[in-house]
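A.B. asks: how would this look folded up:
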Amino acid sequence: MLTNVPVDELSTTFAALADPTRREILGRLAEGEATVNQLAAPFPITVQAVSRHLKVLEHAGLITRGRTAQLRPSRLEGEPLKDAVDWLQRYRPFWEDSFARLDQRLHDKTGARTTDG
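C.D. replies: Prediction:
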């Protein structure tokens, strides 16, 4: 087992995004800040489980949690998501080229069928 291995921010972001519940929470927070109870409402899990998800998101820098009286609203933080998008954009030409080749192959096959009769 590896110990004392530094984890870069991008890895932490992707690890946090790996869970579908956390992605749903981020989607909700994109609409505006929300409390733990508000975030937990649509999920079939406990408020404590949502709170644990929020801690992971907070550790990754994807959210911040404030304090307003008794409430601790969570807010989406965009910078780590921008960093992830910037990293993924480096691979955009690869995917676009792959899709273009696939499109050409499909076009060639359908074109061959229509000309064969």
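A.B. asks: show me the strands in the protein, by range?
C.D. replies: 63-65, 74-76 (DSSP state E).
A.B. asks: ok, the most centrally placed residue in the chain - contacts?
C.D. replies: Ranked by distance to the mean C-alpha position of the chain (Cα atoms, centre = their mean), the top residue is L17 at 4.2 Å. L17 makes contact with 23, 26, 62, 84, according to Cβ atoms under 8 Å, 6 or more residues apart in numbering. Placement of C-beta: from N, CA and C, glycine included.
A.B. asks: distance of R23 relative to A69?
C.D. replies: 29 Å (Cβ to Cβ, to the nearest Å).
A.B. asks: which one of these two is surrounded by more residues?
C.D. replies: R23 (13 against 5; other Cβ atoms under 10 Å).
A.B. asks: now that one, nearest residue through space, not along the chain?
C.D. replies: Nearest residue to R23, sequence neighbours excluded (Cβ to Cβ, 6 or more residues apart in numbering): L17, at 6.0 Å.
A.B. asks: I'd say R65 and L71 touch.
C.D. replies: No - counting by Cβ atoms under 8 Å, R65 does not reach L71; the two are 10.0 Å apart.
A.B. asks: and the two? Which one has more around it.
C.D. replies: Ranked by neighbour count (other Cβ under 10 Å), R65 and L71 place R65 first, with 17 against 14.
A.B. asks: that one bridge partners, please.
C.D. replies: With DSSP bridges as the criterion, R65 is bridged to S74.
A.B. asks: can you tell me which residues contact it?
C.D. replies: Counting by Cβ under 8 Å, 6+ apart, R65 has contacts 54, 58, 72-75.
A.B. asks: now the two most distant members of these.
C.D. replies: The distance between the two most remote of these (Cβ to Cβ) is 12.4 Å, for E58 and P73.
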